[in-house]
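1. heads up, no residue letters with this:
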Ligand SMILES: [Fe+2]
Ligand SMILES: [Fe+2]
């Protein structure tokens with residue numbers, strides 16, 4: 001028997017990818033990274049479950065032409081074999097890395113790996129539970145991609161002596177239930193904002209290669225194209241039911257846009273050394289990513305957030321400060337700590353409400369949904 005270990009990048013199905021990951025789990029010590037990945041706070045990536053029967057009942061015939069093209073493109077699998085180390089992978093001196101940068105970068109990798117894997121688990125489950133051929137095929141393809149992405153981040157982590165144990169996470173991490181429509185809004189946005197984040201970093205480092213302190217960023221272009229396609233699929237799914245993007249649901253869309261943008265802002269501002277090493281001002285980066293995501297999401301959402309509104313930026317900063325206060329208070333502990341935590345949570349809640357009450361920009365949704373990556 002050929003015992004040569006295959007790589008997650010070459011796996012053609014999610015099952016195969018996960019089997020490779022499981023074999024690796026047995027080989028490496030991974031406690032710290034898995035512990036971090038297990039955390040469930042408002043800001044850390046979660047695992048989701050939903051009403052799979054309802055999702056299985058989606059009929060894509062109204063978007064059949066676009067659907068078939070998108071699926072054919074995903075089946076052609078342009079990124080097979082891409083997500084693994086090759087001669088472009090530079091050696092990293094983890095020991096010599098500035099300790100703050102190392103801590104924040106590892107945190108970034110673990111949280112990205114968890115987010116990729118969260119998508120993988122949800123998509124794989126939908127594929128497993130469904131009978132609708134269109135739906136199960138799409139979810140099988142997306143799960144395949146996410147397993148590769150997670151596997152590749154684990155390659156990077158392993159060089160630092162860490163690894164996220166994906167099998168353990170699947171079994172032990174808490175699952176949050178979301179109704180299908182909330183899965184569409186949240187997942188669509190996370191795929192599109194993922195694209196916008198990766199392509200913005202990729203283009204910035206293309207222009208400023210001296211800031212590329214780790215080779216993984218060289219892979220971000222093909223990576224973000226996968227996320228782009230996943231976002232396209234969710235846009236088409238939403239297009240099949242106009243109710244999802246009209247009436248009261250527009251408030252839900254606003255809520256998810258606000259929550260996703262605010263979470264990204266706060267999470268990124270927790271990593272100053274990481275952004276400094278990249279030569280990126282996190283405020284500039286956030287605005288850039290929000291602008292791109294808003295532009296893309298016009299394909300299906302009838303509103304976008306007014307990120308140039310005078311209350312937007314100062315309130316995000318307030319939210320960030322409240323978050324810092326909560327973290328410090330948690331560390332302090334005791335009654336004084338608890339009180340500070342409470343007042344921090346109130347400020348954070350008020351800030352979120354302030355963001356939510358900023359009037360939105362309305363626009364006409366185009367008849368044709370499909371977009372191609374253009375940034
Ligand atoms: Fe991904
Ligand atoms: Fe994705």
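-> Received the coordinates, thanks. Because the structure is a prediction, the values reported are computed rather than measured. Numbers count the residues shown, from 1 in each chain. Ligands and ions are numbered 1, 2, ... in the order given.

2. find the nearest non-adjacent residue to residue 229, please.
-> In space, and not counting its chain neighbours, residue 229 is closest to residue 74: 5.8 Å by C-beta to C-beta, 6 or more residues apart in numbering. To be clear about C-beta, it is placed using only N, CA and C from the backbone, and glycine gets the same treatment.

3. now the chain against ligand 2: closest residue?
-> Per C-beta to the ion, residue 230 is where the chain lies closest to ligand 2, at 3.8 Å.

4. report pLDDT for that residue.
-> We have a pLDDT of 98 for residue 230.

5. what about it, helix or strand, and which?
-> helix 220-239 (DSSP states H and E).

6. over to residue 79?
-> Applying DSSP H and E, one finds residue 79 in no helix or strand.

7. correct me if wrong: it contacts residue 225.
-> Yes - Residue 79 is in contact with residue 225 according to C-beta atoms under 8 Å; the separation is 7.4 Å.

8. in contact with the closest residue to ligand 1 within the stretch 151-300 of the chain, which residues?
-> Nearest residue of the stretch 151-300 of the chain to ligand 1 (C-beta to the ion) works out as residue 227 at 5.3 Å. By C-beta atoms under 8 Å, 6 or more residues apart in numbering, the residues touching residue 227 are 191, 192, 194, 195, 198.

9. now those residues as TSV including pLDDT and neighbour count?
-> Converted to TSV, the contacts of residue 227 look like this (pLDDT from 0 to 100; neighbours: other C-beta atoms under 10 Å):
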residue	pLDDT	neighbour count
191	97	24
192	97	28
194	96	24
195	97	27
198	96	24
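
10. ok, these vs residue 254, which is closest?
-> Residue 254 has its nearest neighbour among these in residue 192, at 15.7 Å by C-beta to C-beta.

11. what about the closest one, distance to residue 296?
-> The gap separating residue 192 from residue 296 is 5 Å, by C-beta to C-beta, to the nearest Å.

12. between these two, what contacts are shared?
-> Listed as contacting both residue 192 and residue 296 by C-beta under 8 Å, 6+ apart are residue 231.

13. off-centre distance for the helix holding residue 230?
-> 12 Å (C-alpha atoms, centre = their mean, to the nearest Å).

14. and what of stretch 340-348?
-> In terms of C-alpha atoms, centre = their mean, the centre of stretch 340-348 is found 27 Å from the chain centre.

15. is residue 21 within a helix or a strand, and which one?
-> Here residue 21 is covered by helix 14-25, with elements defined by DSSP H and E.

16. what is that helix packed up against?
-> The helices and strands touching helix 14-25, judged by 3 or more C-beta pairs under 8 Å, 6 or more residues apart in numbering; DSSP states H and E, are helix 99-129, helix 133-159, helix 166-172.
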